[in-house]
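Enquirer: coords please:
(2 chains, ligands or ions: 1)
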Amino acid sequence: MAYSDKVVDHYNAPRNVGSFGKEEENIGTGLVGAPECGDVMKLQIKVENEQIVDAKFKTFGCGSAIASSSLATEWLKGKSIDEALTIKNTDIVEELSLPPVKIHCSVLAEDAIRSAIKNYQDRSKGTSE
Amino acid sequence: MKLPIYLDYQATTPMDQRVLEAMLPYFTETFGNAASRNHIFGWKAEEVVGEAREQIASIIGASGKEIVFTSGATESDNLAIQGVAEFYKSKGNHIITASTEHKAVLDTCHYLEQKGYQITFLDVDKYGCVDLQQLEDAITDKTILVSIMAANNEIGTIHPIKEIGAITRAKGVLFHCDATQGIGKMPIDVDEMNIDLLSMTAHKIYGPKGIGALYARRKKPRVRLSPIIHGGGHERGMRSGTLNVSGIVGFAKAVEICQAEMVSEEERLIYLRDRLHKSLTDKLDYVFLNGHPTKRLPGNLNVSFAYVEGESLIMGINEIAVSSGSACTSASLEPSYVLRALGVGDDLAHSSIRFGIGRFTTVEEIDYTAEKMISTVSRLREMSPLYEMVCEGTDLSTVSWTSH
Ligand SMILES: Cc1ncc(COP(=O)(O)O)c(C=O)c1O
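Expert: Residues are numbered from 1 along each chain as shown, chains lettered A, B, ... in the order given. Coordinates of the predicted model:
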């Protein structure tokens, strides 16, 4: 299968790989997918004043899954929570020119974004109570 | 050393230069139709086909009269299974095979199932071997055929063919063996192993694509087949169609070379395979061998690199041609059914890579491949949430994953 230049670029030089320290605050973590399905994404956001100031990811999956999550972290940085929630998997498909068989990678990346935000919101509720 | 490196010898092989040279005169000079009885062109073609037949038969201890030329092992498998099923249907309707067979066998059996035949798909153990007792117990008075491959194309596991043949012979059931991967790599003797039908193909042994053969035993017992391709009655009525003379000549030359070089080549391939395996396991943790540790094809190494997905791995070593059991690399989006049958979890199936080593593989290529694999696996594990979790002591089986 031929990969688009953008997928290859993210694969060769993934942006924002890593994890935030366990002690850090204001972090939301999304863990989506399953090892048996061949892809798992962990996506983390760091939030200050409802703004995403940093994002990191780790992905087990094909090149398109890695590229989708790498791209997601790039897009998340600097966005507000509300803006982040408007990111759609179809935007990722378009940006990376993903073929139909790889659309699920973009869906997973969108799930990861939502799940990280939800985790952040749940946790900040928890601390304010 | 030249890039890209070909390490997919179980998929196909490059043709040996000696094979090509043997074939060339049969395209433009000696191009006759082996069925033309009236002139020298036909006689010459017939003569060379006869010699080739004997050569090919000799690698399995058979006689040339027992060879039916086909387009390849897929057709040989179809002819063997469908041909026996049709011819012996008054005797019984039950066929036994294994869940790890090639699709050419499995799908033919599924097709017959729809036509009312009963098929038993035997399970295999964690190495990919069928259990002899289970096989024997599965045979009923309706069983007409047992079809078990000599060596598996994905995991390289070699079956106890001789023991299987002893069982089928004692029970009076025909035995078909898909020996596509075994020919030229392991000794096979149809009499000693009681094989009644055997499939082979030239392109896995450095011969041309599009030519194969089915061995069908002539005596004790005489195997009868209903043809699946009808026409001019070539190949004693079992397979019509003008013979592919140049292909047959190439096939015979490929066989001749295998016969001359098999012993030394086996030693060399095992050395290269073990060298690669050792380099990988010395430098990387969580590397698991798929298939049998010793009873395997000399040129096959199938390993899972846990916590790294196969397609991403192949992307990282893009100048090395290998294959993976990962769903992402297959048309079906399912991980390898062979690895599944072994009980390898889907997670590890997604992480599997098959290295197929062959005649033209060099030590240099093996060392380059090992190095490239180690750096790519390490890089991808740095990016893998699973590897991170495992290193932190999380048991992945306790995590509630969100499947999609
Ligand atoms: C075990 C086995 N059987 C059958 C086949 C099909 O062979 P062919 O490509 O000659 O049809 C192959 C190769 O793909 C194989 O490995």
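
Enquirer: next one: stretch A:33-49 to chain centre, how far?
Expert: 6 Å (C-alpha atoms, centre = their mean, to the nearest Å).

Enquirer: cool, and stretch B:241-249?
Expert: So, by C-alpha atoms, centre = their mean, the centroid of stretch B:241-249 is 22 Å from its chain's centroid.

Enquirer: May I see the buried residues of it?
Expert: B:Leu243, B:Asn244, B:Val245, B:Ser246, B:Gly247, B:Ile248, B:Val249 (16 or more other C-beta atoms under 10 Å in any protein chain shown). Glycine gets a C-beta too; all of them are placed from N, C-alpha and C.

Enquirer: pLDDT for these - can I get that in a markdown table?
Expert: Formatted as a markdown table, the buried residues of stretch B:241-249 follow (pLDDT from 0 to 100):
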| residue | pLDDT |
| --- | --- |
| B:Leu243 | 97 |
| B:Asn244 | 98 |
| B:Val245 | 98 |
| B:Ser246 | 98 |
| B:Gly247 | 98 |
| B:Ile248 | 98 |
| B:Val249 | 98 |
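
Enquirer: Adding secondary structure and distance to the ligand as columns, could you present those in CSV?
Expert: Listed next are these as CSV, based on DSSP: H, G, I helix; E, B strand; the rest coil; distance: C-beta to the nearest ligand atom, whole Å:
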residue, secondary structure, distance to the ligand
B:Leu243, coil, 17
B:Asn244, coil, 13
B:Val245, helix, 18
B:Ser246, helix, 17
B:Gly247, helix, 11
B:Ile248, helix, 14
B:Val249, helix, 17
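
Enquirer: what residues does chain A put near chain B?
Expert: Within chain A, the positions near chain B by C-beta under 8 Å from any C-beta of the partner chain are A:3, A:8, A:11, A:14, A:17, A:19, A:31-42, A:58-63, A:65-66, A:101, A:104, A:107-108, A:111, A:115.

Enquirer: Surely B:Gly83 is in contact with B:Ile229?
Expert: No. B:Gly83 is beyond contact range of B:Ile229, at 10.3 Å (criterion: C-beta atoms under 8 Å).

Enquirer: now the residues of chain A next to chain B: which count as buried?
Expert: Neighbour-count burial (16+ other C-beta under 10 Å) applied to the residues of chain A next to chain B gives A:3, A:11, A:14, A:17, A:19, A:31-42, A:58-63, A:65-66, A:104, A:107-108, A:111, A:115.

Enquirer: which residues of chain A fall in strands?
Expert: A:27-34, A:39-48, A:51-60 (DSSP state E).

Enquirer: Tabulate those strands in JSON lines, adding columns for distance to B:Ser324 and mean pLDDT.
Expert: Converted to JSON lines, the strands of chain A look like this (distance: least, C-beta to C-beta, whole Å; pLDDT from 0 to 100):
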{"stretch": "strand A:27-34", "distance to B:Ser324": "18", "mean pLDDT": "95"}
{"stretch": "strand A:39-48", "distance to B:Ser324": "14", "mean pLDDT": "96"}
{"stretch": "strand A:51-60", "distance to B:Ser324": "14", "mean pLDDT": "97"}
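
Enquirer: I'd like to know which of the ones you listed is closest to the ligand.
Expert: strand A:39-48 (28.1 Å; C-beta to the nearest ligand atom).

Enquirer: for the stretch 151-300 of chain B, what spans make up the helices?
Expert: Remark: helices assigned in the stretch 151-300 of chain B by DSSP state H, counting those that start in this stretch are B:161-171, B:245-283.

Enquirer: now for these, which one comes closest to chain A?
Expert: helix B:245-283 (19.1 Å; C-beta to the nearest C-beta).

Enquirer: Buried residues, the closest one. List them.
Expert: Of all the residues in helix B:245-283, those buried under the rule 16+ other C-beta under 10 Å are B:245-258, B:262, B:265-266, B:268-270, B:272-273, B:275-277, B:279-280.
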